[in-house]
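Student: Predicted coordinates and the sequence they were generated for:
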Amino acid sequence: MTIEWRYTTHPGLGVLSLAGFLGADAVGRFDGAVGWVLARGTGPVILDLTALRGWSAGGQLAVVDAARRLEAEGRGLELAAIPADGSLVPGGDHPEIPVHCDLEAALTAHHGGGQGQREWCSDEWPGVRSL
């Protein structure tokens, strides 16, 4: 089982949405999505976990590593709608990762985020028909 992702740019920030389960077998795909975000956006990144069914300890550490990668580029990472257990495995020395109850609250914290400007997604993103 792996994840699907969608990245949407907004004025001054980006939203990376995940669907599926972020486990060990999905870490490489998640890292690739973070690379996509780094190449195509600016400002902080909200990691929208609304459609994520769960995450393993390794998946949580991949999120912490993503926060480090983004911080190295002068960008922050924030979480929205973390899975039900509400935990995030601390990765030792890692940047602060703000957590919002849902995507709407995260966007509101950034003055609404504005309309999405561009969007990219993996082939099997829910609701998107694969060719």
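Tutor: Looks like it came in fine.
Student: And the strands in this structure, which stretches?
Tutor: 3-10, 13-22, 45-55, 77-80, 99-100, 118-121 (DSSP state E).
Student: Would you tell me which one of those is buried the most?
Tutor: Ranked by mean neighbour count under mean count of other Cβ atoms under 10 Å, those are led by strand 13-22, which reaches a mean of 23. C-beta: built from backbone N, CA, C; applies to glycine.
Student: could I get the strands of the chain as CSV with mean pLDDT and distance to Arg29?
Tutor: Putting these into CSV (pLDDT from 0 to 100; distance: least, Cβ to Cβ, whole Å) gives the following:
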stretch, mean pLDDT, distance to Arg29
strand 3-10, 94, 6
strand 13-22, 96, 9
strand 45-55, 95, 13
strand 77-80, 96, 17
strand 99-100, 92, 23
strand 118-121, 88, 12
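Student: Compare those and give me the one nearest Val34.
Tutor: strand 13-22 (7.3 Å; Cβ to Cβ).
Student: helices and strands around the closest one, which ones?
Tutor: On a contact count with 3 or more Cβ pairs under 8 Å, 6 or more residues apart in numbering; DSSP states H and E, strand 13-22 meets strand 3-10, helix 27-40, strand 45-55, helix 57-72, helix 103-109.
Student: Low-confidence regions, the protein specifically.
Tutor: Applying pLDDT under 70 to the chain flags residues 1, 85-92, 113, 116, 128-131.
Student: Apply 50 and report the result again.
Tutor: For the chain, the stretches with pLDDT under 50 are 129-131.
Student: Okay, and the beta partners of the residue most central in space within the chain?
Tutor: For the chain, the residue nearest the mean C-alpha position is Leu47 (2.5 Å; Cα atoms, centre = their mean). On the basis of DSSP bridges, Leu47 is bridged to Leu16, Leu79.
Student: Correct me if wrong: it contacts Gly76.
Tutor: No. Leu47 is beyond contact range of Gly76, at 10.7 Å (criterion: Cβ atoms under 8 Å).
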